[in-house]
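>>> 3D, please:
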Amino acid sequence: MAETYVLVPGAWHGAWCWRPVADRLRAAGHRVFAVTLPGLADGDDRRGLNLSDTVDFLAAFLDRHDLTDVTLVGHSWGGYPISGAAHRVPRRLRRLVYCNAFVPERGRPLVDDVPPGHAALFKQLASESADASIVMPYEVWQQAFVQDLPEPVQKLLYDLLVPQPMSYFDQALDAPGVASLGIPVSYLAGVEDLAMPPGEFAWSPRFPQRLGVDPVELPGGHESFLTRPDDFVRILSGLR
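Just a heads-up that it's a prediction; the model follows:
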């Protein structure tokens with residue numbers, strides 16, 4: 001049966017990163033939209049943006065296109081905008097899917113959900129930029145996000161990333177957990193994902209527990225939706 005998917009990228013990414021998944025879903029007969037959130041398109045002005053702008057954009061996108069029965073998928077930081085939008089337009093949603101993603105708690109920003117060293121690095125990089133944004137250091141990208149790819153591909157993908165507004169990391173959502181909405185929810189966890197270190201700050205079981213679900217394992221690392229799209233689509237399509 002044909003379904004409607006809205007795909008939301010994580011930090012530093014735009015809609016481009018969902019192309020392999022979107023193409024495969026469309027080939028299977030589904031309706032698919034991939035979005036680029038405010039400040040994350042090439043050449044965007046990132047000054048003055050707030051986390052609420054991403055929520056406003058996503059909720060308005062669903063309304064503008066009159067989308068219903070939507071499977072809303074968020075990768076990594078994208079867990080924040082999909083959580084906020086779910087509270088705004090729950091009537092439009094069929095399922096929420098968090099892919100190697102943060103699951104926000106009310107009043108808790110992303111910088112409080114990463115290791116202290118990560119938070120300190122984000123703040124330093126933002127303070128050194130002209131527009132309070134963060135450029136992903138290549139070494140971090142190479143070693144923790146795409147460590148399962150050949151170096152030429154690592155460099156190619158790195159060149160596609162854009163600066164991320166720091167406000168998206170140090171502002172919180174003023175909403176309860178999405179479990180309160182009664183919408184079916186899934187958590188996809190990459191078995192080789194090193195973007196959050198093992199232990200206290202690991203993606204799983206910490207974030208699936210916030211949703212009250214067991215994680216569904218994904219082959220690959222943090223960017224597995226982009227690097228292993230066939231596996232990703234197979235698992236996403238099989239969620240019940």
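
>>> going by C-alpha atoms from here, please, whenever you check contacts or count neighbours.
OK.

>>> secondary structure element holding V32?
Element membership for V32, per DSSP states H and E: strand 31-34.

>>> for the residue nearest to S133 when sequence neighbours are not counted, grab the count of nearby residues.
The shortest distance from S133 to any non-neighbouring residue, by CA to CA, 6 or more residues apart in numbering, is to P165 (4.2 Å). For P165, the count of nearby residues is 26 (other CA atoms under 10 Å).

>>> check R240 too.
8.

>>> one more: P176?
Here the count is done by other CA under 10 Å, and P176 has 15 residues near it.

>>> pretty sure it sits against E105.
Yes: at 6.7 Å, P176 counts as touching E105 under the criterion of CA atoms under 8 Å.

>>> in the strand holding V32, what's buried?
Within strand 31-34, the residues scored as buried using 16 or more other CA atoms under 10 Å are V32, F33, A34.

>>> and the residue nearest to S133, how close does it get to V73?
Counting by CA to CA, to the nearest Å, the gap from P165 to V73 is 21 Å.

>>> again with Q142
24 Å.

>>> more crowded one of those two?
V73 (24 against 19).

>>> quick one on the thing from earlier: outside of the strand holding V32, which residues touch it?
Strand 31-34 has contacts (CA atoms under 8 Å, 6 or more residues apart in numbering) with 2-8, 15-16, 18-19, 22, 25-26.

>>> let's see it at 7 Å
E3, T4, Y5, V6, L7, V8, A15, W18, A22, R26 (CA atoms under 7 Å, 6 or more residues apart in numbering).

>>> and stretch 65-79, by the same measure?
Contacts of stretch 65-79 (CA under 7 Å, 6+ apart): 4-11, 82, 92-103.
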